[in-house]
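Visitor: Could you work out the structure for the sequence below:
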Amino acid sequence: MTEGRHCQVHLLDDRRLELLVQPKLLARELLDLVASHFNLKEKEYFGITFIDDTGQQNWLQLDHRVLDHDLPKKPGPTILHFAVRFYIESISFLKDKTTVELFFLNAKACVHKGQIEVESETIFKLAAFILQEAKGDYTSDE
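Guide: The predicted structure follows:
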């Protein structure tokens with residue numbers, strides 16, 4: 001039987017990667033694998049998280065093996081999340097459009113989950129931007 005642990009990595013675009021994580025796999029290698037699904041060049045801003053048995057969010061340490069972390073002991077695949085780990089002062093510093101898109105998706109998910117508190121006036125502006133991103137600029141029917 002193949003040694004390892006079944007994991008499911010939730011991506012920012014709502015896709016899920018099903019993986020069998022081998023005992024020697026480093027978290028950095030897992031991050032590289034996940035980043036390759038986006039052709040992501042600016043990986044240094046991102047990381048992979050998990051929720052431990054106490055409900056706390058933890059980041060995988062890139063220089064440690066994935067399975068050496070205190071991953072939850074629940075039955076079924078271990079759930080991991082790909083997310084922005086390091087924020088920058090302005091997205092204008094980002095060089096690649098894929099990175100900008102992933103920052104956007106991460107911010108959208110954080111607002112939706114209530115991880116970022118937003119005033120009601122701002123939430124409507126953000127919703128308008130999301131609609132514009134999803135459906136394009138408004139054009140009159142006339």
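Visitor: OK, contacts around residue 55?
Guide: Applying Cβ atoms under 8 Å, 6 or more residues apart in numbering to residue 55 gives no contacts. For the C-beta atoms, the positions are set from N, CA and C on the backbone; glycine is no exception.
Visitor: Repeat that for residue 52.
Guide: Shown in contact with residue 52 (Cβ under 8 Å, 6+ apart): 58, 70, 71, 72.
Visitor: Just checking, which helix or strand of this structure averages the lowest pLDDT?
Guide: helix 120-135 (a mean of 79; mean pLDDT, DSSP states H and E).
Visitor: Checking the residue nearest to residue 13 when sequence neighbours are not counted next. Helix, strand or coil?
Guide: Take residue 13 and drop its neighbours on the chain: the residue closest to it by Cβ to Cβ, 6 or more residues apart in numbering is residue 105, 6.1 Å away. Secondary structure, DSSP: H, G, I helix; E, B strand; the rest coil: residue 105 is helix.
Visitor: So which residues of the chain form strands?
Guide: Applying DSSP state E to the chain gives strands spanning 5-10, 16-21, 46-51, 57-59, 78-84.
Visitor: Out of those, the one nearest residue 136 is which?
Guide: Comparison of the strands of the chain against residue 136 by Cβ to Cβ identifies strand 78-84 as nearest, at 25.3 Å.
Visitor: now the angle between strand 5-10 and that closest one, please.
Guide: In terms of direction (axes from the mean of the first three to the mean of the last three Cα atoms, to 10 degrees), strand 78-84 departs from strand 5-10 by 40 degrees.
Visitor: Quickly run through the sheet partners of strand 78-84, with directions.
Guide: Under the criterion DSSP bridges, strand 78-84 sits next to strand 5-10 (parallel), strand 46-51 (antiparallel) in its sheet.
Visitor: could you point out where the chain is predicted with low confidence?
Guide: Scanning the chain for pLDDT under 70 picks out 1-2, 142.
Visitor: hmm, try it at 50
Guide: 1 (pLDDT under 50).
Visitor: ranking the strands paired with strand 78-84 by burial, who's on top?
Guide: Of all the strands paired with strand 78-84, strand 46-51 has the most neighbours on average by mean count of other Cβ atoms under 10 Å, namely a mean of 19.
Visitor: Distance from it to the middle of the chain?
Guide: Centroid displacement of strand 46-51 relative to its chain, using Cα atoms, centre = their mean, to the nearest Å, is 7 Å.
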